[in-house]
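Visitor: Okay, structure incoming, though there's no sequence with it:
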């Protein structure tokens with residue numbers, strides 16, 4: 001099939017991707033010159049914050065054939081995780097005593113599931129073409145996944161830097177298979193943001209400093225997940241009740257009215273994270289945190305950052321007995337990072353005094 005009908009092989013691979021559980025699949029080459037220049041400029045301006053691994057492998061991200069010698073094509077796939085609960089999400093954000101967790105992190109961590117599905121897909125391709133050089137990626141190596149997905153026709157990179165599919169919005173994960181098979185490539189996606197700036201306007205911390213330009217140092221997802229130290233005081237109030245990640249730019253995007261709901265059981269909310277109060281999550285011990293976040297992306301933050309983030313949210317919450325009791329319970333936390341954020345939070349509630 002590869003020699004006689006390359007177009008047929010590419011079509012079969014797309015069909016196999018759907019059978020593997022992916023809603024999107026496209027094929028692209030390995031040329032990313034313009035994207036490499038954009039990345040180099042972003043890194044040169046220091047907009048990556050403390051994510052040193054971004055700078056460490058900067059050029060390699062844009063050069064698939066150097067990351068995996070022999071690579072000539074990239075198979076890009078998308079997996080929907082949309083919930084069609086935008087109204088509920090906005091309601092949670094408006095309720096200062098509830099915790100907001102980014103929609104992607106409410107259920108099971110997607111990395112292992114996608115990697116297994118991609119490995120199965122690679123196995124099915126091998127049945128068609130015989131042994132071939134390949135490697136599967138799901139956030140596991142320096143890969144410019146959004147640029148590759150755009151070139152493969154899965155969607156365009158929006159002004160908020162997320163990938164958008166005009167037929168399905170932006171609520172989907174990306175994964176790749178680098179291959180040494182010279183498959184026919186798909187047409188890149190075209191841009192459809194137009195003059196819309198809703199994502200830029202809605203960002204709580206003004207992290208989208210220009211169209212297609214994100215300052216990670218101001219991004220709530222970076223601050224609550226990647227950043228390990230104190231959260232800058234000037235950014236604490238805008239964080240609101242967002243304790244792990246942020247979805248505002250996607251919630252505001254008009255293209256997400258076309259987002260597809262995922263019925264994937266693994267993506268259903270665990271531990272009531274879509275409705276839990278800040279106080280109840282703040283009460284989790286480290287042992288409880290580790291048990292409840294097993295198999296979850298939230299485990300990445302670690303317990304101390306989890307408490308740090310919730311302390312900030314409690315500082316932004318209404319002054320209620322439950323909020324004050326939660327903060328008082330950790331006023332003397334042994335971790336200085338947690339303790340400092342709790343003290344800041346208490347200072348935000350007037351006329352409060354230490355519990356006797």
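Guide: Now that the structure is in, tell me what you want to look at. All figures in this text were calculated on a predicted structure; none of them were measured in a lab.

Visitor: can you pull the buried residues of stretch 139-157?
Guide: 142-157 (16 or more other Cβ atoms under 10 Å). Placement of C-beta: from N, CA and C, glycine included.

Visitor: If you tally nearby residues, what's the number for the residue nearest to residue 58 when sequence neighbours are not counted?
Guide: Of all residues not flanking residue 58 in the chain, residue 43 sits nearest, at 5.3 Å (Cβ to Cβ, 6 or more residues apart in numbering). As a burial measure, residue 43 scores 16 neighbours (other Cβ atoms under 10 Å).

Visitor: could you point out which element follows whichever helix or strand residue 43 is part of?
Guide: Using DSSP states H and E, the element containing residue 43 is helix 33-44. Going down the chain from helix 33-44, the next helix or strand is helix 52-56, by DSSP H and E.

Visitor: mind showing which ranges of the stretch 51-200 of the chain have poor pLDDT?
Guide: Within the stretch 51-200 of the chain, no range satisfies pLDDT under 70.

Visitor: just the strands in it please.
Guide: Counting by DSSP state E, counting those that start in this stretch, the stretch 51-200 of the chain has strands at residues 73-80, 100-101, 134-137, 156-157, 163-164, 172-179.

Visitor: and the angle for the last one with strand 73-80?
Guide: Which is strand 172-179. 160 degrees (axes from the mean of the first three to the mean of the last three Cα atoms, to 10 degrees).

Visitor: a markdown table for the strands of the stretch 51-200 of the chain, including distance to residue 272?
Guide: Formatted as a markdown table, the strands of the stretch 51-200 of the chain follow (distance: least, Cβ to Cβ, whole Å):
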| stretch | distance to residue 272 |
| --- | --- |
| strand 73-80 | 23 |
| strand 100-101 | 10 |
| strand 134-137 | 33 |
| strand 156-157 | 34 |
| strand 163-164 | 30 |
| strand 172-179 | 23 |
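
Visitor: Can you tell me which of the ones you listed is nearest to residue 240?
Guide: Residue 240 sits nearest to strand 100-101 of all the strands of the stretch 51-200 of the chain, at 7.4 Å, using Cβ to Cβ.

Visitor: list the helices and strands the closest one packs on?
Guide: If you count contacts as 3 or more Cβ pairs under 8 Å, 6 or more residues apart in numbering; DSSP states H and E, strand 100-101 packs onto helix 86-94, strand 242-244.

Visitor: Quick one, which of those gets closest to residue 18.
Guide: helix 86-94 (26.2 Å).

Visitor: Now do that closest one: which elements does it pack against?
Guide: strand 100-101, helix 248-252.

Visitor: And the next helix or strand past the longest one?
Guide: Downstream of helix 248-252, the first helix or strand assigned by DSSP H and E is helix 278-282.

Visitor: Pull out the buried positions in that next one.
Guide: In helix 278-282, counting by 16+ other Cβ under 10 Å, buried: 278-279, 281-282.

Visitor: Just give me the closest of the residues you listed to residue 322.
Guide: residue 279 (4.9 Å).

Visitor: Surely that closest one is in contact with residue 325?
Guide: Yes - the criterion here is Cβ atoms under 8 Å, and residue 279 meets it with residue 325 at 7.2 Å.

Visitor: got the contact list for stretch 323-341?
Guide: 97, 229-231, 278-279, 282-283, 304, 307-308, 311-312, 314-315, 317, 342-343, 345-346, 349, 352, 354-355 (Cβ atoms under 8 Å, 6 or more residues apart in numbering).
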